[in-house]
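1. Sequence and predicted model, in that order:
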Amino acid sequence: MDLVALPAFADNYIWMLHDGAQAVVVDPGDAAPVMAALDRLQLRLSAILVTHHHPDHVGGLQALRERLEGVVHGPAREAIPAPFAPRRGGERIEVLGLTFEVIDVPGHTAGHIAYAQCDAAAEPLLFCGDTLFCAGCGRLFEGTPAQMLASLERLAALPPDTRVCAAHEYTLSNLRFAAAVEPANEAIAAHTAHCRALRDAGQATLPSTIALEREINPFLRCREPAVIAAALDEGAAGPEPVAVLAGLREWKNRFR
Ligand code: ZN
Ligand code: FE
């Protein structure tokens, strides 16, 4: 299986997984880069996975239907362009011969879902939309800090070698915030240098891994003393993980 990040808009990635003949794409906000990749690699489009309803994740759906030979899988609790197969947490779907588990991850939107590929025979893979980013998390447009904390902790519990396919190239700005939260965290400094080199070479900083995110992502580190202390300094309402996550999210929203 090949995993390709198709750049779209200013900083989106449309993830494409293919076996050389058939492809699945995730969150096609724009059809054009997907069509171009299908043509260039001579692939048939077997399925589309959608994580949430925002236009930069569903805008290309209708135009891709003429190429689609299978099903659009989407969040059961959100309104995305019909028709689609409504998916909820706990369901399993077969795509390209792989099994993906659907995980409910409310927070960024109320019905946001993620897709985790966890066949023992394959390398684990996570499509998490705008919930988990490298070194960051999505804004809380529709959900609560408690929901986002539970969603992120659910994803953090996936196998450490899970490749994290997030939908935006926000890594360097997220890492700048992460360094402000934990100035002494050497993994953040090392990953910043690594990602600067990737961006200078015009490459994606993704996928990340769950193991790396647990080391560098402040939103997955709400129980770390250094993170708790920094969040309290910046106005978090208390030291408990939900208050720390809420404080971090508000701090990030005003961070420049
Ligand atoms: Zn979004
Ligand atoms: Fe987005």
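-> Good, I have the coordinates. Only a predicted model underlies this, so the values are computations on that prediction, with no experimental measurement involved. Ligands and ions are numbered 1, 2, ... in the order given.

2. Quick check, Gly59 in contact with Asp27.
-> No - Gly59 is beyond contact range of Asp27, at 9.6 Å (criterion: Cβ atoms under 8 Å). Using the backbone N, CA and C atoms, a C-beta is placed for each residue, glycine as well.

3. These two - which one has more neighbours?
-> Between Gly59 and Asp27, counted using other Cβ atoms under 10 Å, the more crowded position is Asp27 (27 against 18).

4. List phi and psi for whatever residue of the stretch 101-250 of the chain ends up closest to ligand 2.
-> Nearest residue of the stretch 101-250 of the chain to ligand 2, counting by Cβ to the ion: Asp130, 4.4 Å away. Asp130 has phi and psi values of phi -110, psi 30 when expressed as degrees, to the nearest 10.

5. what's the answer for the one 4 residues further on, then?
-> Its backbone dihedrals place Cys134 at phi -60, psi 120, with angles given as degrees, to the nearest 10.

6. quick one: it and Thr51, what's the gap?
-> 16 Å (Cβ to Cβ, to the nearest Å).

7. neighbour-wise, which of those two wins?
-> Thr51 (30 against 26).

8. Could you pull up the contacting residues of the residue found closest to that one once you drop the neighbours it is linked to in the chain?
-> Nearest non-adjacent residue to Thr51, counting by Cβ to Cβ, 6 or more residues apart in numbering: Gly129, 2.9 Å away. By Cβ atoms under 8 Å, 6 or more residues apart in numbering, the contact set of Gly129 is 26-27, 51-52, 57, 105, 108, 112-114, 138, 166-167.

9. Now, these that are in helices?
-> Among those, DSSP state H puts His57 in helices.

10. Make sure Leu198 is actually in contact with Leu206.
-> No - Leu198 is beyond contact range of Leu206, at 9.5 Å (criterion: Cβ under 8 Å).

11. out of the two, which sits in the busier spot?
-> More crowded of Leu198 and Leu206, by other Cβ under 10 Å: Leu206, with 22 against 15.

12. roughly how far apart are that one and Glu213?
-> According to Cβ to Cβ, Leu206 stands 11 Å off from Glu213.

13. next one: Phe9
-> 24 Å.

14. can you give me the strands in the stretch 101-250 of the chain?
-> Assigned by DSSP state E, counting those that start in this stretch, the strands in the stretch 101-250 of the chain fall at 113-117, 125-129, 132-133, 136-137, 163-166, 208-209.

15. Can you name the residues that contact Gly138?
-> By Cβ under 8 Å, 6+ apart, the contact set of Gly138 is 107-108, 112, 129-132, 148.

16. switch the cut-off to 7 Å
-> By Cβ atoms under 7 Å, 6 or more residues apart in numbering, the contact set of Gly138 is 107-108, 130-131.
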